[in-house]
Structures are given as structure tokens and as C-alpha cells.
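Enquirer: what would the 3D arrangement of this be:
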Amino acid sequence: MIVRKKKIILIQLTIFLVVLTLLYNTYRDKNEIKKEVKIETESNPDTNSFTDVEYSGFDLVGNRYILNAGKANFKVTTPHDINMTDVVANFYFKDDTILKILSDKGFYNNISLDMDFRENVKATYLTNTLLSDQLTYSNTNSKLLVTGNVHGESIEKGEFFADNVEYDLTNKTLDFSMFDNKQVNVKLKN
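Expert: Numbers count the residues shown, from 1 in each chain. Now for the predicted structure:
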């Protein structure tokens, strides 16, 4: 019985010493001088900001869309006007096709559902790619307006260069135009 008690006391003493060593190593650096790191954040009480934002819904015609942004902010006085960066939008049309739009900056009105994509805009639809400075989706007018250095490519049909392209979603018509009486440059494939 004495041997058993000695083993128990030895085990308890070992555990106690291990715990003391851990506590000492944990708290021994408490008296060292710590460097302060000052983090300054810009905050505006009139603006709310969010990261990794997703908006989704249906446009006035019944097509589904999902709008993602790396960062989004809006003013407290106008919460329906949302400014975004690192924007990715997917429009799922009733005919099971998808329009994908990427841009560095964007704007979304969550009441009218109008969207504006700016800077390094890239839109892809089926086998077509469209690059531009700005793309505006007007839900209220059922139009898609693309402006500024518009370059369109189609695997089947060729490519074009224009200053403005307007697509009427209701009538399914496409209008090309240029500034300063220049001509639209179109290269069609045979």
C-alpha cells in the first residue's frame, strides 16, 4: 500500500511541476515592453460600409440576377444608392442563358434595380465578349447601354469597335454609334 501511495504522490508532484512550468513560461514575459500598434480606420458616420456583399432578385421582366461586390457602401440618407468595388454580376435569363459582367467599380439602386458598371468592364454572353469603360443596365427602361472604348468579339460573327452600343431588351434591337462622325468598325467572319 505504501508503494502505491508513493507512486500517486510522485505522479501528482510531476503534474504539479509541469503545471508550474507552463504557468511560469506563459506569464514570465509580462514585464517586457510591448510595442503599440495604432490602427487608424476611416469612418464616416454618414456612410455604412460592408465587405463581400451579395444582392439578388428579379428584374421587371422576371429574369433573375445575382450581384456580388468585394466592398459596398451607401450614405445613410440614401440607403438605396449603393456604391461597390470588385463587382461580379450574373443575369439568368428565361431562355436559360447567362450574362456575366465584371467591373472594378459599380453602382446599384435597390429600388429601381438599375445598375452601373465602371472601369475595366467585361461582359460575356454565350460565345460573345464585350469590353468597355462603362455598362449601364436600366431596368426601368429595359435597356443596356455600353459606352467608352467598346470592343465586342464573337467567335462566330467577328468583332466590332464603337463608342456606344445600346441594346433594347424589349425589342431585342442593337444600335451602334460613334462620336465625332467616326464610323463604327466591324469585322465580320465568313
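Enquirer: centre-most residue in the protein?
Expert: Taking Cα atoms, centre = their mean, the centroid of the chain lies closest to Ala69, which sits 2.2 Å from it.
Enquirer: what residues does the helix or strand that contains that one touch?
Expert: Here Ala69, judged by DSSP states H and E, is contained in strand 64-75. Applying Cβ atoms under 8 Å, 6 or more residues apart in numbering, the external contacts of strand 64-75 come out as 46-59, 80-92, 106, 108, 115. C-beta: built from backbone N, CA, C; applies to glycine.
Enquirer: low-confidence stretches in this structure?
Expert: For the chain, the stretches with pLDDT under 70 are 1, 27-44, 180-190.
Enquirer: extract the C-alpha trace of the longest strand along it and format it as CSV.
Expert: For the chain, the longest strand by residue count, based on DSSP state E, is strand 78-92. The C-alpha trace of strand 78-92 is given here as CSV (Å, rounded to 0.1, in the frame of the first residue of the first chain):
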residue,chain,number,x,y,z
THR,A,78,-29.8,57.4,-49.4
PRO,A,79,-29.5,53.7,-48.5
HIS,A,80,-31.0,52.6,-51.8
ASP,A,81,-27.9,54.0,-53.8
ILE,A,82,-25.1,51.6,-53.3
ASN,A,83,-21.5,52.1,-54.5
MET,A,84,-19.5,49.0,-55.0
THR,A,85,-16.0,47.8,-55.9
ASP,A,86,-14.8,44.5,-57.4
VAL,A,87,-18.2,43.8,-58.9
VAL,A,88,-19.4,40.5,-60.4
ALA,A,89,-23.0,40.3,-61.8
ASN,A,90,-24.8,37.3,-63.2
PHE,A,91,-28.1,37.7,-65.1
TYR,A,92,-30.1,34.4,-65.6
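Enquirer: pairing partners for the strand holding Ala69, with directions?
Expert: Strand pairing for strand 64-75, determined by DSSP bridges: strand 47-58 (antiparallel), strand 78-92 (antiparallel).
Enquirer: got the buried residues for the last one?
Expert: Taking 16 or more other Cβ atoms under 10 Å as the basis for neighbour counts, the residues of strand 78-92 that come out buried are Asp81, Ile82, Asn83, Met84, Asp86, Val87, Val88, Ala89, Phe91.
Enquirer: my guess is the second one contacts Ile111. True?
Expert: Which is Ile82. No. Here Ile82 lies out of contact with Ile111, judged by Cβ atoms under 8 Å, at a distance of 10.6 Å.
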